[in-house]
Every structure is written in structure tokens, then in C-alpha cells.
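In: generate coordinates for the sequence data below:
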Amino acid sequence: MRILKIIVLHGPNLNLLGTREPEVYGKLKLKEINSALKKRGEDLEVVVDCYQSNHEGTLIDRIQDAAKDCHGILINPAALTHYSYALRDALSASDLPLVEVHLSNVFAREPFRHNSVISPVADGIICGLGLDSYLLGLEALVNIVKNR
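Out: Sure, this is the predicted structure:
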């Protein structure tokens, strides 16, 4: 049996979780989310590699690297969700299974947040469930990888 490796990518400003608008994003810090994801990964018998950047190009570089050694991508693109065609193209070019997640319900927020340029290349999207968006996204992604 092969060891599955999933990369979790966190976009801009997610390093501020826990202090940035906790009424919207919750009180959990990014390191707590990453810890929960790694624990769930152990339960699912997959390796989870978490990475955050405030820089679009750095995320793109990591996606291109992931295409070489990962089996799927779980991503919260944050603000890049709404306009980054470069990020979308990198995700599409990776040809890896992809699940998009968001802590908040983007459809209950400002109208500009209702549009994702990432969703059309994702296998699925989960939003509005806080930490569970990530955990359910990871579970779904592992199922997608195993069934592909």
C-alpha cells in the first residue's frame, strides 16, 4: 500500500487566524488547524503537509512542487479565491485532486466573495463550517484520491 501525501495550502492573511475578525473566522489559530489536520491525517493514514503564504507566487511554486510528490491538494485560497487566475491555472496544471475550503460561509458574506475562480477546477468545495470545513475537506479529498 502506498503512503498518500496531501498538501494543505493556506492563502493570504490566514496566519492571522485567532486574532483577525474572530467573529467571522473563529478563534482557532492556524497552528491549531494544522495540528487538527495532521491528527486527522494520522487517523486516515495519510501524511499531511501544511503550508501558508501571503504571496501568490510562493503558493504557485508550492503547487508546482506538490505535483511531483503529493497525491492531492486541500486549499483555502483566502482572498486569492476571487481573482487569482494564476493560482487557478497552477492548480489545474497540477492535475491533482483538489478540494477548496473556507472557514466562513462565503455565500453569506459580501457579494464579491460569492465568486471563486478556483471552484471550477476543484473536485469539491466546503465552506462555512469553521475547522470542520478543513477536516471534512481532508476526508473527502482522501476518498477522491483513493477512488481515482
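In: okay, CA-based contacts and neighbour counts for the rest of this
Out: Noted.
In: from Asn54, how far out is the spatially closest residue to Asn15 that is not a sequence neighbour?
Out: On the basis of CA to CA, 6 or more residues apart in numbering, the spatially nearest residue to Asn15 that is not a chain neighbour turns out to be Leu30, at 6.0 Å. According to CA to CA, to the nearest Å, Leu30 stands 13 Å off from Asn54.
In: before we move on, what about Gly137?
Out: Distance of Gly137 to Asn54, given as CA to CA: 22 Å.
In: so between the two, which is more surrounded?
Out: Neighbours were tallied for Gly137 and for Asn54 using other CA atoms under 10 Å; the higher tally belongs to Gly137 (25 against 17).
In: was I right to think the more buried one contacts Leu98?
Out: No - in terms of CA atoms under 8 Å, Gly137 does not count as a neighbour of Leu98; the distance is 9.4 Å.
In: how long is stretch 17-34 end to end?
Out: Stretch 17-34 has an end-to-end distance of 12 Å (criterion: CA to CA).
In: related to what we said a few turns ago, between Gly137 and Leu98, which contacts overlap?
Out: Counting by CA atoms under 8 Å, 6 or more residues apart in numbering, the residues touching both Gly137 and Leu98 are Leu74.
In: pretty sure Leu91 is touching Val121, no?
Out: Yes - using CA under 8 Å as the test, Leu91 is close enough to Val121 to be in contact (7.4 Å).
In: between the two, which contacts overlap?
Out: Jointly contacting Leu91 and Val121 under the rule CA under 8 Å, 6+ apart are Leu98.
In: where does the protein have low pLDDT?
Out: Residues of the chain that meet the criterion pLDDT under 70 lie in 1.
In: now with 90?
Out: 1-3, 20-27, 104, 106-115, 148 (pLDDT under 90).
In: for it, just list every one of the strands.
Out: In the chain, the strands defined using DSSP state E lie at 4-10, 46-52, 72-76, 98-102, 124-127.
In: returning to what we had before: can you count the residues close to the residue nearest to Asn15?
Out: The local packing count at Leu30 equals 18, with neighbours defined by other CA under 10 Å.
In: same question for Glu42.
Out: Neighbourhood size, Glu42 [other CA under 10 Å]: 12.
In: any idea how far it is from Lys146?
Out: When CA to CA is the yardstick, Glu42 and Lys146 sit 16 Å from each other.
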